[in-house]
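# for reference, the sequence and a predicted model appear below.
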Amino acid sequence: MITERKPKNIFTQGPIAPSFIADSIQKHNTKTNIGGHSIFLGQVRADEIDGRKVSAIEYTAYEEMALEKMHAIREAIFAKYPLVCMHVHHSLGKIAAGDICLFVFTSSAHRKAAIDACNEVVERLKAELPIWGKEIFEDESYQWKENK
Amino acid sequence: MITERKPKNIFTQGPIAPSFIADSIQKHNTKTNIGGHSIFLGQVRADEIDGRKVSAIEYTAYEEMALEKMHAIREAIFAKYPLVCMHVHHSLGKIAAGDICLFVFTSSAHRKAAIDACNEVVERLKAELPIWGKEIFEDESYQWKENK
Amino acid sequence: MAVQVIVFGQLTDIMGNSPVMVDHAADTSELIEQLNQRYPALVNKPYIIAVDRQIVTVHTALSGNNTVALLPPFAGG
Amino acid sequence: MAVQVIVFGQLTDIMGNSPVMVDHAADTSELIEQLNQRYPALVNKPYIIAVDRQIVTVHTALSGNNTVALLPPFAGG
């Protein structure tokens, strides 16, 4: 009998708290085959566009599709790199400027795998996951975020 | 009058606590020109060598020289990448397997600078800073760590 | 042969947040044609199409139990 | 013309953790020769030399107020 790994949820309502990141790091204390962790954090920028300043980004996603896609990315990354573990968290809802909206965390025995895997996950996630961001300005007007 | 930036201390006695990392992340909440953070963490691995298991690494450094060198690396990195900020912490003393001994943290408006700078700092730091590690085995014997 | 259509991101400004039902559409080309008539603002918008969460190209046959999603450029992270 | 010598890492197993004084050494080559005589185990060990925290090559002149450090391969991180 084959037991398939079920897609993990990556979405969390609201910003990702630094204390959550600390707890996640702390949990790896018992995994003493790890030598290096690579972490990427996305933070909401207060961009100024035509005199209006972004106060928050409201994230939405096609969740079922995003989780299936993320699962495929995860499988590909584990097949490609000798990782000990990998964790991905993305915010949904309104995230204020200065808050963390993305947390990618990879760990491996030697640093190269963790670093390369982390970068590749961030790139693929931005290109392939059906997630959208509404940049909300201080005056309540908005525009849709575009990834470059 | 030219005011030179003084070398920052990077050394901390004992392991780097996840709560310290969380505090460091939290402090960037007000820097709303940041869009991406890249973090590398070194963790002490319980390597097994000829049946003996590493229980801790004891780090020592030629501190004055390391701080001067780190200062030069910092200046070069800031000249090369559009970073908002950069923080480096390295443990001294005995760090148990599973604990964090290195924390490199770079931040920039767009992710590429933070990621590339973080990787370069980690590589240069390992190659250029006069720091040594004594791998202490569970039976109290030891060997000197070698970076590959 | 009713197909459910859902949209995201900037397309919700045109079609709203609720699923839209389209009655007769044998394939995705026919579906888009009908949507373009009902929502003229949709015509020049950039998006890709997913049928039952799989990205498809044009002329994909629809069975009637499908959920079709119109996905504007992704902007996660 | 006394020069202070400090060592680190695996070299402390040979020369200890305290600074070692060397009386007459006009340059780093002479210094290393004398250290090799006092500490034969040093002869084949890999290290680089820093004079007053600057990495130098062989035959660097010493003034007498210098601190010479012998640095085995670095292993930080």
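Received it, and whenever you're ready, just let me know what you need.

# contact partners for residue 28?
This is for chain A. Contacts here follow Cβ atoms under 8 Å, 6 or more residues apart in numbering or on different chains; on that basis residue A:28 touches A:34, A:37, A:85, A:107, B:43, B:98. Backbone N, C-alpha and C define where each C-beta goes, glycine included.

# my bad, chain C
Contacts for residue C:28 were tallied using Cβ under 8 Å, 6+ apart; they are C:49, C:51, C:56, C:58, C:59, C:60, C:62, C:68.

# where's the closest residue to it other than its chain neighbours relative to chain D, distance?
Leaving aside its sequence neighbours, residue C:28 sits nearest to residue C:60 (Cβ to Cβ, 6 or more residues apart in numbering or on different chains; 4.7 Å). Noted for residue C:60: a distance of 51 Å to chain D, by Cβ to the nearest Cβ, to the nearest Å.

# let me know the pLDDT of residue C:60.
We note a pLDDT of 94 for residue C:60 in this prediction.

# touching chain A at all, stretch C:39-48?
No. Residues of stretch C:39-48 contacting chain A under Cβ under 8 Å from any Cβ of the partner chain: none, with a closest distance of 9.2 Å.

# go through that stretch and flag the buried ones.
C:39, C:42, C:45, C:47 (16 or more other Cβ atoms under 10 Å in any protein chain shown).

# then stretch A:136-148?
If you call a residue buried by 16+ other Cβ under 10 Å, then stretch A:136-148 has these buried ones: A:136, A:137, A:142, A:144, A:145.

# same list (those residues) but as JSON lines, adding secondary structure.
Shown next, in JSON lines, are the buried residues of stretch A:136-148 (DSSP: H, G, I helix; E, B strand; the rest coil):
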{"residue": "A:136", "secondary structure": "strand"}
{"residue": "A:137", "secondary structure": "strand"}
{"residue": "A:142", "secondary structure": "strand"}
{"residue": "A:144", "secondary structure": "strand"}
{"residue": "A:145", "secondary structure": "coil"}
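
# for residue C:50, phi and psi?
Residue C:50 adopts backbone torsions of phi -120, psi 130, taken as degrees, to the nearest 10.

# surely it meets residue C:66?
No. If you go by Cβ atoms under 8 Å, residue C:50 and residue C:66 don't touch, sitting 9.9 Å apart.

# what ranges does chain C have for its helices?
Using DSSP state H, the helices of chain C run over C:12-15, C:28-38.

# now do chain A
So, for chain A - with DSSP H - the helices run A:18-26, A:63-80, A:111-128.

# wait, which of the buried residues of stretch C:39-48 is closest to residue B:61?
Closest approach between these and residue B:61, by Cβ to Cβ: residue C:47, at 55.6 Å.

# still on that earlier bit, what would the contacts of residue A:28 look like in a markdown table with pLDDT, neighbour count and distance to residue A:13?
Shown next, in a markdown table, are the contacts of residue A:28 (pLDDT from 0 to 100; neighbours: other Cβ atoms under 10 Å in any protein chain shown; distance: Cβ to Cβ, whole Å):
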| residue | pLDDT | neighbour count | distance to residue A:13 |
| --- | --- | --- | --- |
| A:34 | 98 | 25 | 29 |
| A:37 | 98 | 26 | 25 |
| A:85 | 97 | 15 | 24 |
| A:107 | 98 | 26 | 26 |
| B:43 | 98 | 25 | 30 |
| B:98 | 98 | 20 | 32 |
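
# how confident was the prediction at residue A:147?
With respect to pLDDT, residue A:147 scores 84.

# with adjacent residues omitted, what lies nearest to it?
Nearest one to residue A:147, counting by Cβ to Cβ, 6+ apart, is residue C:75 at 4.9 Å.

# before we move on, what about residue C:61?
Computed as Cβ to Cβ, 6+ apart, the closest residue to residue C:61 that is not its neighbour in sequence is residue C:27, at 5.1 Å.

# circling back: need the contacts of residue C:28 in JSON lines with distance to residue A:125, can you?
Shown next, in JSON lines, are the contacts of residue C:28 (distance: Cβ to Cβ, whole Å):
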{"residue": "C:49", "distance to residue A:125": "21"}
{"residue": "C:51", "distance to residue A:125": "23"}
{"residue": "C:56", "distance to residue A:125": "22"}
{"residue": "C:58", "distance to residue A:125": "27"}
{"residue": "C:59", "distance to residue A:125": "30"}
{"residue": "C:60", "distance to residue A:125": "26"}
{"residue": "C:62", "distance to residue A:125": "29"}
{"residue": "C:68", "distance to residue A:125": "24"}
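
# go ahead and build a ChimeraX selection from the buried members of those residues.
Buried residues within those, by 16+ other Cβ under 10 Å, are selected in ChimeraX with:
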select /C:49,51,56,60,62,68
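
# mind telling me the two of the contacts of residue C:28 farthest from one another?
Greatest spacing in those, by Cβ to Cβ: C:59 and C:68 (13.2 Å).

# what's the burial count for residue C:18?
9 (other Cβ atoms under 10 Å in any protein chain shown).

# ugh, wrong one, I meant residue A:97
22.

# hey, which helix or strand in chain A has the poorest pLDDT?
strand A:48-49 (a mean of 91; mean pLDDT, DSSP states H and E).
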